[in-house]
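Undergrad: with the sequence up front, the predicted model follows.
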Amino acid sequence: MIIAIDGPAASGKSTVAKSVARRLGARHLDTGAMYRAVAWLALERDVPLDDWSALTGLAEANPVTFEYADGAAIATSVRIGGRDVTTQIRLPVVDANVSAAASVPGVRTSLVAQQRELAGVSDTVVEGRDIGTVVFPLADVKVFLTASAEERARRRQLDLAAQGHAVEQAEVQARLERRDHIDSTREASPLEAADDAELLDTTGLSIDEVVDAIVSRVEAAR
Ligand code: DC
């Protein structure tokens, strides 16, 4: 069974998708981590982010893999080309550059193929931007999470602070809006809700309320 959870940056996708996976005894697959890994590798190798052909080659030659402890829902690490990049892909420099890497059609084709393989193994909760539209158009359940820009900036600022990065909320919101704009207006698989996705605005909701709503939907679809 595939549960597709899409939405913009800091809409609560990761927290919700992980919790849904735990509740269902399914695996969680974070496709954003895969685009982040490619962006990180490009930065590390000084590959210009506007060199589409080099970026595509990089993604094709360096598969992204996740390690899961026995029976665990959540991956403990992510690797690209065998290198552990679990921590590095969350750095602000990757935040700032990942949208450019994710706009490259060849990078998307390569990662979408990898995502279909990774999720084909068992019941999976897949989070991203184009899961319900492109990667798994026949997913059993599709949810599109949203939240106001202010709320998303507040959440992202808390995440950054927890990692030791102090950034003004207005600056965080400006960066999120810049990233949303690139993600929603790019030519290849832009961020958009599938016609048959359930839209869930999480602004005034607790995590548990959102998770309960999705789990009920999955049970109804079983
Ligand atoms: O969810 P995230 O913030 O970790 O995603 C990182 C970037 O990757 C974000 O700018 C959008 C992009 N992305 C994408 O284009 N398609 C996906 N399926 C997942 C993420």
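TA: Alright, I've got the coordinates. Numbering: from 1, shown residues only.
Undergrad: show me where this protein has its strands.
TA: Taking DSSP state E to define them, one finds strands in the chain at 2-6, 27-30, 64-67, 77-80, 83-84, 124-128, 141-146, 198-201.
Undergrad: which one, of the ones you listed, ends up nearest to the ligand?
TA: The ligand sits nearest to strand 124-128 of all those, at 2.5 Å, using C-beta to the nearest ligand atom. The way it works is simple: take the backbone N, C-alpha and C, and place the C-beta from them, glycine included.
Undergrad: neighbouring strands for the closest one, and are they parallel or not?
TA: Applying DSSP bridges to the sheet, strand 124-128 is found paired with strand 2-6 (parallel), strand 27-30 (parallel).
Undergrad: tell me which residue is most central in this protein.
TA: Compute the mean C-alpha point of the chain, and by C-alpha atoms, centre = their mean the closest residue is Gly32, 3.0 Å away.
Undergrad: touching the ligand at all, stretch 62-73?
TA: No. Stretch 62-73 does not reach the ligand (C-beta under 6 Å from any ligand atom); its nearest approach is 11.8 Å.
Undergrad: that stretch - what's its average pLDDT?
TA: Summarised as a single mean, pLDDT over stretch 62-73 is 95.
Undergrad: OK, contacts around the residue nearest to the centre of the chain?
TA: Contact analysis of Gly32 by C-beta atoms under 8 Å, 6 or more residues apart in numbering lists 14, 98, 127-129.
Undergrad: at 6 Å instead, please
TA: If you count contacts by C-beta atoms under 6 Å, 6 or more residues apart in numbering, Gly32 has none.
Undergrad: so how far is the ligand from it?
TA: 2 Å (C-beta to the nearest ligand atom, to the nearest Å).
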